[in-house]
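Asks: requesting a structural model of the entry that follows:
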Amino acid sequence: MSDDKRYPKRSAVVLKKEMVCSELMRIFLQLESVYELPSDLHGRHIKLFPFRDEYKKSYTISSHNEDVISLDIMLHLNGRASVWAKDSALGDLVDILGPKKEIKVPLDFNAKEVLLVSDLTGFSTMEYILSKLDPACRGDLFLICNTHIEVNNPTKVKIHFVSELDYDVILKKLKVDIHGHIILGSDQIKSFVQKIDRKFLDNINVKAYWKTK
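Replies: Residues are numbered from 1 along each chain as shown. Sure, this is the predicted structure:
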């Protein structure tokens, strides 16, 4: 049975809104508790129908507590989901479909070293990845963000806040003998792959997380 059939479309209420930073809003939704839910929805995907019509957008659940989930929504200038996020009021109803299965990250969570690259559209997924890695894991997360924000990071991975990607700096993090992973967190940085020296590709798994949803 598919997840969409097991967890059909349901209503949710806007319970709380808070700003993670000026570019990212976290919205808490209280789910209609008609259907039994998995015990941990963190890292799973839902489809959000903010206007309760045909328009939908997929999001990674950033937190889960009983019947309340949170979604992190990047505030693009004219994006429909962004407009809804900014204009929504507490008590408003939305529809959601899912949750989908746990995100299939193309990454060995026992890796000793990782290289993560994302902008804020992949923020929830990056936090999920960090939560699953071995606490002793080292490496770097380059987060494209105009300000420092709090990142839940139980590992030894270093967080770098950058306004734009400096490919030379990132490439210096790659060593010929590294057996790590690069997870791209946003559609805007696909060109990163094209800049990687071919000699690294045998040891480096370069993957965009959204390709595995």
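
Asks: what about residue 53, distance to residue 78?
Replies: 18 Å (CB to CB, to the nearest Å). The C-beta positions use only the backbone N, C-alpha and C, and glycine is treated the same way.

Asks: ok, residues contacting the longest strand along the chain?
Replies: Among the segments of the chain that qualify as a strand by DSSP state E, the longest is strand 10-21. Residues from elsewhere that reach strand 10-21 (CB atoms under 8 Å, 6 or more residues apart in numbering): 25-32, 34-35, 68-69, 72, 85, 88-96, 120, 123, 145-147, 149-150.

Asks: show me the shaky parts of the protein.
Replies: The model of the chain has pLDDT under 70 over residues 1-7, 33-38, 101-106, 167, 171, 174-213.

Asks: give me the domain ranges for it.
Replies: Split into domains by automatic domain parsing, the chain comes to 3-97, 113-212.

Asks: tabulate those domains (CSV), appending mean neighbour count.
Replies: Shown next, in CSV, are those (neighbours: other CB atoms under 10 Å):
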stretch, mean neighbour count
domain 3-97, 16
domain 113-212, 17
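
Asks: the biggest helix by length in the chain: what's the following helix or strand?
Replies: Ranked by number of residues, the top helix in the chain under DSSP state H is helix 123-132. Later in the chain than helix 123-132, the nearest helix or strand by DSSP states H and E is strand 138-144.

Asks: tell me the helices and strands packed up against that next one.
Replies: Counting contacts by 3 or more CB pairs under 8 Å, 6 or more residues apart in numbering; DSSP states H and E, strand 138-144 packs against strand 113-119, helix 123-132, strand 156-162.
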